[in-house]
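Trainee: okay, sequence plus prediction incoming.
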Amino acid sequence: MAGWLVRHPVVLLIGAGGWGWWLALGWPSLTVAAGAVGACGLLWRWRWPVSFERLVWRRIRTGWLRMWVYELRWSRWARASHLVLYDEDFADPVIPRLRSVSSGLAWDDVRVRMLPGQKARDYELAAESLAASRKVARCSVREISPGVISLGFLRRDPLQHPVALPPITPVAGEVMNLERVRIGETEHGQPWRVPVLGSHVFGAGMMGAGKGSLMWGTVRQAAPAIACGRVKLSMIDPKGGMEAEPATALYDRYAREEPKDIVEVLTACVDGMNDRKRALRGVTRKVAPSVEHPLHLLMVDELAAVTKYLGDKKLQVEAERLLGLLLTQGRALAYACFAFAQEPTKDIVPFRGLFPYRVALRLDSPQQTDMVLGDGAWQRGAWADRIGVSTPGVGYVVEEGVREPLRVRAGYTDDAELDRIAGVYAAPR
């Protein structure tokens, strides 16, 4: 009991203060004082909810959950998830020690000291079991320092409902930041910003999973730069233009289902990249987009149609070669590629490593998740096969240099908005 009070000094102080007040002044005055404090708290929460959450309610929620959820149940959860250590020198199993608990609006952050011999992968393998024990939909695992793990428990899903389409950045296209553009929100309530300049992006998902939200959300945010000529957009839509046709006014180059047209667009991109490489060799190591040297953004709406179903074997081999050149050499030269696939297959996996930024939308199986995001992504918490049909635009992101997958949701660009963007931000001819 003494140890418990030492870990929770606020409870000790409140209890001791209330007891002393009762003895000194009696319970009526204590009741009045407690009622006054409660009324002030309710008024604060009503008038200034943000500061009340940050300064008061978050602390109360954190203390309550630490005392009555995590400290009471952690040892049982650790045993059920095989995270305890059995040693003949100890009568009882050794349990990883809780270091701290912090509770936000949607997430609980629980810091745990790993036992000797344990590693982060042990907790990644136990994430599904820990989520089930806590009765939440998701448990994320991060190693924040040597020997210390952060377990994130998602109590309330901020991505359950559609997210608002972010406003277009109110900056002139000539000066707008093209490194990352905002297209939605993350599971932590932060803006989801997708890299454009200096990166390539690969997204995969079943029919209706929301690939269009990722593609058009990016195009929409880059539209002011397209209108002034600082971004040149090339589009390949092997589905006969069913997806891309409404926005033809935005394109510098456009190919539908004809294999020859697809190869011509890829050839033009690679030739332009090679010309820029020769012109700027020895001048700069990384191109800053301008109207003179624009960012060339290539969108491939169905990668499998280029790498597997093109129809003409000779042209397919050439398309794969050109795409490989663009992905391996284009980043420093301000050439970026966004490619999408409905069904990740072995034909696509060889290209996966050339995309530093990968998004797995709703998929069929854990194996497909690993095909898109990399080996072991599902075990690290990228449960793309569990995304519901009713939540299009939800996916998991793995970025170069970041081990832990991030859950995100893109805003939906409807037909009316796409028509508006094509009319207002048409590319110069």
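Mentor: Cool, got the structure.

Trainee: distance check, G423 against L250.
Mentor: Taking Cβ to Cβ, to the nearest Å as the measure, G423 and L250 are separated by 10 Å. C-beta here means a position set from N, CA and C on the backbone, and glycine is covered the same way.

Trainee: between those two, which has more neighbouring residues?
Mentor: Set G423 next to L250 and count neighbours by other Cβ atoms under 10 Å: L250 wins out with 24 against 11.

Trainee: got a list of what the more buried one touches?
Mentor: By Cβ atoms under 8 Å, 6 or more residues apart in numbering, the residues touching L250 are 219, 223, 226, 233, 421-422, 425-427.

Trainee: determine which two of the residues you listed are furthest apart.
Mentor: Across the contacts of L250, no pair lies farther apart than V219 and A426, at 12.6 Å, counting by Cβ to Cβ.

Trainee: which one's more surrounded, those two?
Mentor: Ranked by neighbour count (other Cβ under 10 Å), V219 and A426 place V219 first, with 27 against 16.

Trainee: surely that one is within a helix?
Mentor: Yes. Assigned with DSSP: H, G, I helix; E, B strand; the rest coil, V219 falls within a helix.

Trainee: surely it is in contact with L298?
Mentor: No. Applying Cβ atoms under 8 Å, one finds V219 not in contact with L298, separated by 11.6 Å.

Trainee: related to what we said a few turns ago, now, which of the contacts of L250 lie within helices?
Mentor: 219, 223, 226, 421-422 (DSSP state H).

Trainee: low-confidence stretches in the stretch 101-250 of the chain?
Mentor: Under the criterion pLDDT under 70, no range of the stretch 101-250 of the chain is flagged.

Trainee: make it 90
Mentor: Within the stretch 101-250 of the chain, the segments meeting pLDDT under 90 span 103-106, 116-117, 137-138, 142, 144, 160, 169-175, 189, 207-208, 238-246.

Trainee: make TSV out of the ones in helices among the contacts of L250 and add distance to I95.
Mentor: Formatted as TSV, those follow (distance: Cβ to Cβ, whole Å):
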residue	distance to I95
V219	51
A223	55
I226	57
I421	56
A422	60
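
Trainee: show me which of these is closest to F355.
Mentor: Among the ones in helices among the contacts of L250, and counting by Cβ to Cβ, the member closest to F355 is V219, at 17.8 Å.

Trainee: ok, T186 - contacts?
Mentor: The contact partners of T186, by Cβ under 8 Å, 6+ apart, come to 192, 406-408.

Trainee: tell me the spacing between V291 and R54.
Mentor: In terms of Cβ to Cβ, V291 sits 44 Å off from R54.

Trainee: one more: L325?
Mentor: 51 Å.

Trainee: higher neighbour count, the two?
Mentor: L325 (16 against 12).

Trainee: how about that one: what's its closest non-neighbour residue?
Mentor: Excluding its sequence neighbours, the residue lying closest to L325 (Cβ to Cβ, 6 or more residues apart in numbering) is V270, at 5.2 Å.

Trainee: could you look up the SS state of that neighbour?
Mentor: Under three-state DSSP, V270 comes out as helix.

Trainee: residue contacts, it?
Mentor: V270 sits next to 322, 325-326 when contact means Cβ under 8 Å, 6+ apart.

Trainee: now secondary structure too, for those residues, in CSV please.
Mentor: As requested, the contacts of V270 are arranged in CSV below (three-state DSSP):
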residue, secondary structure
L322, helix
L325, helix
L326, helix
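
Trainee: so which of the residues you listed is the closest to A209?
Mentor: L326 (25.2 Å).

Trainee: who's in contact with the closest one?
Mentor: Contacts of L326 by Cβ under 8 Å, 6+ apart are 266, 269-270, 273, 298, 335, 337.

Trainee: do that again at 6 Å, thanks
Mentor: Taking Cβ atoms under 6 Å, 6 or more residues apart in numbering, we find L326 in contact with 269-270, 337.

Trainee: returning to what we had before: measure the residue nearest to L325 to H296 for me?
Mentor: For V270, the distance to H296 - Cβ to Cβ - is 10 Å.

Trainee: any regions of the stretch 251-400 of the chain where pLDDT drops low?
Mentor: 256-259, 278-288, 301-317, 319-320, 332, 341-354, 371, 374-377, 379-381, 400.

Trainee: can you give me the helices in it?
Mentor: Assigned by DSSP state H, counting those that start in this stretch, the stretch 251-400 of the chain shows helices spanning 259-280, 303-307, 313-329, 349-352, 366-373.

Trainee: any idea of the pLDDT on P9?
Mentor: Per-residue pLDDT puts P9 at 59.

Trainee: please, where are all the helices along the stretch 1-150 of the chain?
Mentor: Using DSSP H, counting those that start in this stretch, helices in the stretch 1-150 of the chain cover 2-7, 9-25, 27-47, 49-52, 58-65, 71-80, 120-125, 127-134.

Trainee: mean pLDDT lowest for which of these?
Mentor: The bottom spot among these, by mean pLDDT, belongs to helix 2-7, with a mean of 52.

Trainee: walk me through the domains of the protein.
Mentor: As assigned by automatic domain parsing, the chain contains the domains 2-154, 180-424.

Trainee: quick one: closest of these to A164.
Mentor: domain 180-424 (6.0 Å).

Trainee: please state the offset of that closest one from the chain centre?
Mentor: The chain centre lies 16 Å from the centre of domain 180-424; the measure is Cα atoms, centre = their mean, to the nearest Å.
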